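Asks: quick one: sequence plus predicted model below, questions after.
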Amino acid sequence: MILSPPKYLFVLLCLSAVFFTAGWPTAQAHPRQASDRIIGFWYTEDKEGGVQIYPCEDNTGKICGRLYWLGEEKKRGVAPVAHSESEADKPSHCRVRFMRNFTPDGRGSYTDGEIDDLRDGGTYSAQMTLKDDKTLNLHGYILIPVFGRSQTWTRATKMPACTLG
């Protein structure tokens, strides 16, 4: 049986779509596994600060980050933050979340995040790219990524205790 050109093209397109998408990786296939690579402790570019990156508490699969350690030079000019009303008399930066809602794409990029600048109080859009298991690029920006600044962070094997006060 010979198929007419319209049916032949339709069958060919359907088969092509099946074969093409069968091997296509999807971000949703293993979203938790892909984001697990970024979880852990990271030193900032100047190694004067430490950040803990972890899954956000709302179980959406998004990634958050908190300040874990800050060197003596960096403590100057950063106003302490109260964690809650009950701790208002003991403000600190220990464990303050300043990164939130980064969406993993399953291939090492994390987009649509926000980052707070603890010095100026501003909130900026941000994205992260995991270059390898030891290198993370963070890019904060206003409006579009062209108007921003980047830092390269390195994975920490040991992190000093939180001594922020």
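Replies: Right, received. Where do you want to start? Numbering: from 1, shown residues only.
Asks: and Tyr68, that one's in a strand?
Replies: Yes: counting by DSSP: H, G, I helix; E, B strand; the rest coil, Tyr68 is part of a strand.
Asks: from Tyr54, how far off is it?
Replies: Applying CB to CB, to the nearest Å, the value for Tyr68 to Tyr54 is 10 Å. (C-beta placed from N, C-alpha, C; glycine too.)
Asks: of the two, who's got more company?
Replies: Shown here are Tyr68 and Tyr54; by other CB atoms under 10 Å, Tyr68 has more neighbours (23 against 16).
Asks: doesn't Ala161 make contact with the more buried one?
Replies: No: Tyr68 lies out of contact with Ala161 (CB atoms under 8 Å); the separation is 9.2 Å.
Asks: what bridges to the residue nearest to Gly148 when sequence neighbours are not counted?
Replies: Leaving aside its chain neighbours, Gly148 sits nearest to Tyr141 (2.7 Å; criterion: CB to CB, 6 or more residues apart in numbering). With DSSP bridges applied, Tyr141 shows beta-bridge pairing to Ser125, Gly148.
Asks: isn't Tyr141 up against Ser125?
Replies: Yes: contact status for Tyr141 versus Ser125: in contact at 5.4 Å, counting by CB under 8 Å.
Asks: could you tell me which residues touch both of those two?
Replies: Gly148 (CB atoms under 8 Å, 6 or more residues apart in numbering).
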